[in-house]
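A.B. asks: Sequence plus the predicted model coming up.
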Amino acid sequence: MSKTADSSATGNYRVNHLARGRTLRGLGLATCLALLLGLPLLVNEYQQFVVNTMVIYALIAVGFNVVLGYLGQLAFANAAFFGVGAYATGLTMVHLALPLPLALLAAGAAGTVAGIAVALPALRVQGHYLAIFTLAFGELMRWVYVHADAVTFGPSGFNVPRPAALGVLGSPERGKYYLFLAVAIIAIGATVRLLRSRFGRAFVAVRNNERAAASLGVSVARAKIIAFGWSGFLVGVAGGLYALLNGRVTPDSFGLAQLLLNFAIVMIGGLGSVLGSILGAILLTGAPELLRNFAGIEEIVFSLLLIGVLFFMPKGIGGLIAARIPALREPLHRE
């Protein structure tokens, strides 16, 4: 057989392989969407609340992973973005009587501003210096929530009005679910497109080597600002959904415990993996509910799970999927 024929056969194999991969992904997405739309018919009110929480944390994890996994920055302002979004939605509904769509846009805008505010120091400091700065930023925001009581209602927090539209399906939790699901699908879909664009490739180039990226014409400053801004937007919107879910916003919800949970979700899901972030959020949000009736076991299982993943599956769930199911491998997955 000639070299031309061999090359043609190889090319046809690659094309067919890619086509099969796209078909499998398409069928998988369609199946998942059908299951998600029908899920409220299979669960009770409390289980629906847990599922709603999973959707919110999936959005948080994807937003956190943009900075931590794709951009490679050791930044821990995630809980701050989350709180800013929750307060933006709740306060605009209480003080300004904004309708729900505008209140969620306010959460995204506030999160974006907070993300850009964190990105500016990130242009000068890296590593543990950036980690310390972002932790301090989160604590500063909590101080504002507590002491700006004329606006934020102080340490006791405030109740968030419940939009009447969320009860049109006969159950407020069910109405919240479809709203949260729609927002999450749009936001995560937009994130996937962003990561597959030249901006996403710039994030990865900065993660791998900032100096090399700059020498190849990548604007490191722009990449960091866009990544932090988009992360802030996603997590801010998730904060707005969280305020709606619980119907109350307090400063205690956005402290170190929240940050550690977000970090554990991303690490278990896998750095640089959108699918892993979603699965990690489902696992770490759902597992405590299954163990709630066993006193003292929840914390032990959580700790053992995190330790086990770090030791035996250092690339997380996303890394395991990439190794075992090539069709689901993400283009910018972190090696």
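C.D. replies: Perfect, thanks for sending it. Here the structure is a predicted model, which means the values were calculated and not measured. Residues are numbered from 1 along each chain as shown.

A.B. asks: Which positions within stretch 184-191 qualify as buried?
C.D. replies: For stretch 184-191, burial by neighbour count (16 or more other CB atoms under 10 Å) applies to Ala184, Ala187, Ile188, Thr191. Where you see a C-beta, it was placed from the backbone N, CA and C, and this is true even at glycine.

A.B. asks: Can you lay out those as JSON lines showing pLDDT and secondary structure?
C.D. replies: Below are the buried residues of stretch 184-191 laid out as JSON lines (pLDDT from 0 to 100; DSSP: H, G, I helix; E, B strand; the rest coil):
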{"residue": "Ala184", "pLDDT": "96", "secondary structure": "helix"}
{"residue": "Ala187", "pLDDT": "96", "secondary structure": "helix"}
{"residue": "Ile188", "pLDDT": "95", "secondary structure": "helix"}
{"residue": "Thr191", "pLDDT": "96", "secondary structure": "helix"}
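
A.B. asks: got those residues as TSV, with distance to Ala75 columns?
C.D. replies: Below are those laid out as TSV (distance: CB to CB, whole Å):
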residue	distance to Ala75
Ala184	22
Ala187	20
Ile188	20
Thr191	17
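
A.B. asks: Out of those residues, which is nearest to Leu290?
C.D. replies: Taking CB to CB as the measure, Leu290 lies nearest Ala184 of the buried residues of stretch 184-191, at 22.4 Å.

A.B. asks: Contact partners for Thr152?
C.D. replies: Going by CB atoms under 8 Å, 6 or more residues apart in numbering, Thr152 touches Tyr87, Leu91, Val144, Tyr145, Val146, Phe158, Pro251.

A.B. asks: and the gap between it and Ala75?
C.D. replies: 24 Å (CB to CB, to the nearest Å).

A.B. asks: Just put the contacts of Thr152 in TSV and tack on distance to Ile325, secondary structure and neighbour count.
C.D. replies: Formatted as TSV, the contacts of Thr152 follow (distance: CB to CB, whole Å; DSSP: H, G, I helix; E, B strand; the rest coil; neighbours: other CB atoms under 10 Å):
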residue	distance to Ile325	secondary structure	neighbour count
Tyr87	40	helix	29
Leu91	44	helix	21
Val144	45	helix	15
Tyr145	43	helix	25
Val146	47	helix	17
Phe158	46	strand	17
Pro251	42	helix	21
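
A.B. asks: re the thing from before, widest-spaced pair of the buried residues of stretch 184-191?
C.D. replies: So, those by CB to CB: farthest apart are Ala184 and Thr191, at 10.3 Å.

A.B. asks: what about Leu179, distance to Ala165?
C.D. replies: Applying CB to CB, the value for Leu179 to Ala165 is 9 Å.

A.B. asks: neighbour-wise, which of these two wins?
C.D. replies: Using other CB atoms under 10 Å, the more surrounded residue of Leu179 and Ala165 is Leu179, with 20 against 12.

A.B. asks: Can you list the residue ranges for helices in the chain?
C.D. replies: With helices called from DSSP state H, the chain shows them at 3-38, 45-65, 78-95, 100-122, 127-147, 149-152, 172-196, 198-208, 210-215, 220-246, 256-269, 274-290, 297-312, 316-324.

A.B. asks: So which other helices or strands are in contact with the fourth one?
C.D. replies: This points to helix 100-122. helix 78-95, helix 127-147, helix 220-246 (3 or more CB pairs under 8 Å, 6 or more residues apart in numbering; DSSP states H and E).

A.B. asks: now the angle from it to helix 172-196?
C.D. replies: Angle, helix 100-122 to helix 172-196, by axes from the mean of the first three to the mean of the last three CA atoms, to 10 degrees: 40 degrees.

A.B. asks: how many degrees apart are helix 100-122 and helix 45-65 in direction?
C.D. replies: Helix 100-122 runs at 30 degrees relative to helix 45-65, counting by the same axes, to 10 degrees.

A.B. asks: Okay, buried residues for helix 100-122 please.
C.D. replies: Those would be 100, 103-119, 122, for helix 100-122 by 16+ other CB under 10 Å.

A.B. asks: Pass me the low-pLDDT residue ranges in the stretch 101-250 of the chain, would you?
C.D. replies: By pLDDT under 70, the weakly predicted segments of the stretch 101-250 of the chain are 167-170.

A.B. asks: Repeat the analysis, applying 90 as the threshold.
C.D. replies: Applying pLDDT under 90 to the stretch 101-250 of the chain picks out residues 121-128, 149, 162-175, 216.

A.B. asks: Include distance to Glu330 when you put the helices of the chain into a markdown table, please.
C.D. replies: Listed next are the helices of the chain as a markdown table, based on distance: least, CB to CB, whole Å:
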| stretch | distance to Glu330 |
| --- | --- |
| helix 3-38 | 11 |
| helix 45-65 | 11 |
| helix 78-95 | 21 |
| helix 100-122 | 23 |
| helix 127-147 | 25 |
| helix 149-152 | 39 |
| helix 172-196 | 8 |
| helix 198-208 | 10 |
| helix 210-215 | 20 |
| helix 220-246 | 17 |
| helix 256-269 | 12 |
| helix 274-290 | 6 |
| helix 297-312 | 18 |
| helix 316-324 | 7 |
